[in-house]
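# pasting the sequence and the predicted model now:
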Amino acid sequence: INLRTVYAFAREMYPKINAEHIQYGTAGFRGKAEFLDSVMFRMGVLATLRSRYREGAVIGVMITASHNPEPDNGVKLIDPKGEMLEPSWETIATDLVNVTDQDLEQMVATIIKDNKIDINSSSYVYVGMDNRYHSPRLLKAVADGVIALKGNVREYGIVTTPMMHYFVVAANTKEAYGKPTEEGYYEKLITAFEKIRNGQLETGNYRNNLIFDGANGVGARKMLQFIKRMSNSLNVNVINQGIGSGKINDECGADHVKVKQRPPISMPDLEPYSRCVSVDGDADRIVYFFNNDSGQFRLLDGDRIATLIAGYLMELIKSCNINLRLGLVQTAYANGASTDYIVNKLKVPVSCVATGVKHLHHKALEYDVGVYFEANGHGTVVFSDHAKLIIKESAQINQNAKTLLLIIDLINETVGDAISDMLLVEVILSHKGWDVKDWISTYEDLPNQQLKIKVQDRNVIETTDAERVCVRPKGLQDEINKVVSNYKCGRAFVRPSGTEDVVRVYAEASTEDDTLQLAYEIGLLVQ
Ligand code: NG1
Ligand code: ZN
């Protein structure tokens, strides 16, 4: 392979037009779509190198800006087991996209040499995209990056982020995980879901109907595909399907619903307590919500989903008479009431880690069964090999262990998957005969508030203890403690955002007014 081709390709077709330094962060590279062509081309190059480095294993590339507004796009690499790109390669990625076109050839040569990559060995890159109008153009740039290094590329077109993770694992796993195709994905989830439901559609207060807000994103399209393939096990009405003038994530979707604490646009008239869900633009996050009989909006966020799942799995494991360590992983943004409920009522151990799913995922792997969710609705469950073995053995004699095996099939263990999470929640609610009123009455959320504060340099703030304690600037934490001590059930923390140029303030207290006041006072300390 002649690296000159890479350089020529880059200069001719994907010149770097923006000199601003960008960094491979928790969500890969994100930014305005018009500046991303050269980034995409180089990520195609990098994915091919990574595949060769991993002895030809399939590497995934997902083009999306998730819950960001329509003009944005982004790119993330997926490692062979469906996990996020290894941190040392995040640094390589950052270096590769920031060099000039002139230095690109040299940089590629350095990566090859440093990592002892056999440039003539085989490679495979799978690439998919969300439904933003600039995604097809950017996907072509990724594919051209692969081709510049004479690698193999398979284009999946418009898919959700969790589907891409599924394809990569399915392709790289020798055992029967599922087929690495769109049909294989539907088949795996629907088969598990319908077997668990076993024809039982409505029990107790549980009703079989659901409003699904697709955020005008790819989740809407895929939900429609699910509906086509499901027997009538679930009646889903998909709104914000992404047709007409609706823009992705605009006044709709999981982020809008969670942050603004109000329903999405285009909601039909509903009976009080009708169950609704919102997913984000690439369908890896989900929240539930409803209106009560006084028309008040109520949210069931990631914390609620996590406690529901952890409680259910714990019951199921106990009923199988097997001994597995189950734990829940949260971040500092988890509502204090949810932590209290899970520790004291459900008696499930909880750990708190820094923001960003890779931290949660990593911690969850320490348990036999690790449930993790961010309050914003991104999360899943991971089962250790040991746990799977024990459950399989038990399933030979125990019906509940059989159910547990099906639950494992229903869960997308590699990454938060809105549709898979939703099907799991539906299974649990139906099993318990619960409506949303039953679900929300498990505990009372503490009022909470988030603020974004613009500062000159957000990185002057340094934190420790899963971001709950501020160590720099000196003295700030003492001031925060002083303010917080004036509030009943008060809790607050500050941290620099990893995805936006702001410092985030989080506050919770026993009343709505107190929470607003506390957040405001903490905000003043940061400014
Ligand atoms: P930052 O900007 O670092 O707070 C946000 C979310 C994370 C995660 C990432 C990645 C909050 C408070 N933060 O991170 O949970 O989803 O984006 O998209 O929701
Ligand atoms: Zn997302």
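Looks like it came in fine. Numbering: from 1, shown residues only. Ligands and ions are numbered 1, 2, ... in the order given.

# which residues of the protein lie near ligand 2?
Ser66, Asp280, Asp282, Asp284 (Cβ under 5 Å from the ion). Backbone N, C-alpha and C define where each C-beta goes, glycine included.

# nearest to ligand 2, of those residues?
Ligand 2 lies nearest to Ser66 out of these, by Cβ to the ion, at 3.2 Å.

# number of nearby residues for that closest one?
29 (other Cβ atoms under 10 Å).

# now the one 4 residues further on
Residues within reach of Glu70, counting by other Cβ under 10 Å, total 17.

# same check on the one 10 residues further on?
A count of nearby residues for Pro80, using other Cβ under 10 Å, gives 19.

# now rank the residues of the chain next to ligand 2 by neighbours and give me the top one.
That'd be Asp280 among these, by other Cβ under 10 Å, with 35 neighbours.

# surely that residue touches Cys252?
No. Using Cβ atoms under 8 Å, Asp280 makes no contact with Cys252, being 9.8 Å away.

# and for the two, which residues touch both?
Residues touching both Asp280 and Cys252 (Cβ atoms under 8 Å, 6 or more residues apart in numbering) are Ala215.

# what's the domain layout of the chain?
3-158, 206-299, 302-440, 448-526 (automatic domain parsing).

# just put those in JSON lines and tack on distance to Gly184 and mean pLDDT.
Formatted as JSON lines, these follow (distance: least, Cβ to Cβ, whole Å; pLDDT from 0 to 100):
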{"stretch": "domain 3-158", "distance to Gly184": "12", "mean pLDDT": "94"}
{"stretch": "domain 206-299", "distance to Gly184": "12", "mean pLDDT": "95"}
{"stretch": "domain 302-440", "distance to Gly184": "12", "mean pLDDT": "96"}
{"stretch": "domain 448-526", "distance to Gly184": "32", "mean pLDDT": "94"}
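
# redo those as a markdown table? Include distance to ligand 1.
Listed next are the domains of the chain as a markdown table, based on distance: least, Cβ to the nearest ligand atom, whole Å:
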| stretch | distance to ligand 1 |
| --- | --- |
| domain 3-158 | 4 |
| domain 206-299 | 7 |
| domain 302-440 | 4 |
| domain 448-526 | 3 |
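
# what sits against the nearest residue to Arg197 once chain neighbours are set aside?
Sequence neighbours aside, Ser233 is the residue nearest to Arg197 in space, at 5.4 Å (criterion: Cβ to Cβ, 6 or more residues apart in numbering). Residues in contact with Ser233 (Cβ under 8 Å, 6+ apart) are Phe193, Glu194, Arg197, Leu201, Asn208.

# and the last one, how many neighbours?
Asn208 sits with 17 neighbouring residues when counted by other Cβ under 10 Å.

# I'd guess Ile59 is in a strand, am I close?
Yes. With DSSP: H, G, I helix; E, B strand; the rest coil as the criterion, Ile59 is part of a strand.

# how close does it get to ligand 2?
Using Cβ to the ion, to the nearest Å, we find Ile59 at a distance of 20 Å from ligand 2.

# equivalent analysis for Tyr312, please.
24 Å.

# my read: that residue touches Ser430, true?
No. Using Cβ under 8 Å, Tyr312 is not in contact with Ser430; the gap is 11.2 Å.

# got phi/psi on Ile419?
Here is the backbone geometry of Ile419 (degrees, to the nearest 10): phi -70, psi -40.

# in contact with His362, which residues?
Residues in contact with His362 (Cβ under 8 Å, 6+ apart) are Val353.

# do the same with Thr511
Going by Cβ under 8 Å, 6+ apart, Thr511 touches Pro447, Lys488.

# can you check Asp417 too?
By Cβ under 8 Å, 6+ apart, the neighbours of Asp417 are Thr160, Pro162, His165, Tyr166, Ala283, Asp284, Thr380, Ile411.

# narrow those residues to those in strands?
In strands, defined here by DSSP state E, the members of the contacts of Asp417 are Thr380.

# quickly name whichever of the contacts of Asp417 is closest to ligand 2.
Ligand 2 has its nearest neighbour among the contacts of Asp417 in Asp284, at 4.1 Å by Cβ to the ion.

# now stretch 54-66: how far from the chain's centre is it?
Put simply, stretch 54-66 sits 16 Å off its chain's centre (Cα atoms, centre = their mean, to the nearest Å).

# if you count neighbours, what's buried in it?
Arg54, Gly56, Ala57, Val58, Ile59, Gly60, Val61, Met62, Ile63, Thr64, Ala65, Ser66 (16 or more other Cβ atoms under 10 Å).

# can you list these in CSV and add distance to Leu346?
Compiled in CSV, these are given as follows (distance: Cβ to Cβ, whole Å):
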residue, distance to Leu346
Arg54, 39
Gly56, 44
Ala57, 39
Val58, 38
Ile59, 39
Gly60, 35
Val61, 39
Met62, 34
Ile63, 39
Thr64, 34
Ala65, 36
Ser66, 31
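
# for the residues you listed, which one is nearest Leu224?
Thr64 (18.7 Å; Cβ to Cβ).

# so which residues of the stretch 51-200 of the chain form helices?
Remark: helices assigned in the stretch 51-200 of the chain by DSSP state H, counting those that start in this stretch are 87-98, 101-114, 135-148, 161-172, 182-197.

# tell me the most buried of these?
Mean neighbour counts were compared across the helices of the stretch 51-200 of the chain using mean count of other Cβ atoms under 10 Å; the top stretch is helix 161-172, at a mean of 26.

# what mean pLDDT does that helix get?
For helix 161-172, mean pLDDT is 97.

# any bit of it sitting next to ligand 1?
No. Helix 161-172 lies out of reach of ligand 1 by Cβ under 6 Å from any ligand atom, never closer than 10.7 Å.

# which elements pack onto that helix?
strand 58-63, strand 72-78, strand 124-129, strand 152-158, helix 182-197, helix 418-432 (3 or more Cβ pairs under 8 Å, 6 or more residues apart in numbering; DSSP states H and E).

# with distance to Ile317 as extra columns, can I get these in CSV?
CSV is the format used below for the helices and strands packed on helix 161-172 (distance: least, Cβ to Cβ, whole Å):
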stretch, distance to Ile317
strand 58-63, 32
strand 72-78, 30
strand 124-129, 34
strand 152-158, 35
helix 182-197, 16
helix 418-432, 14
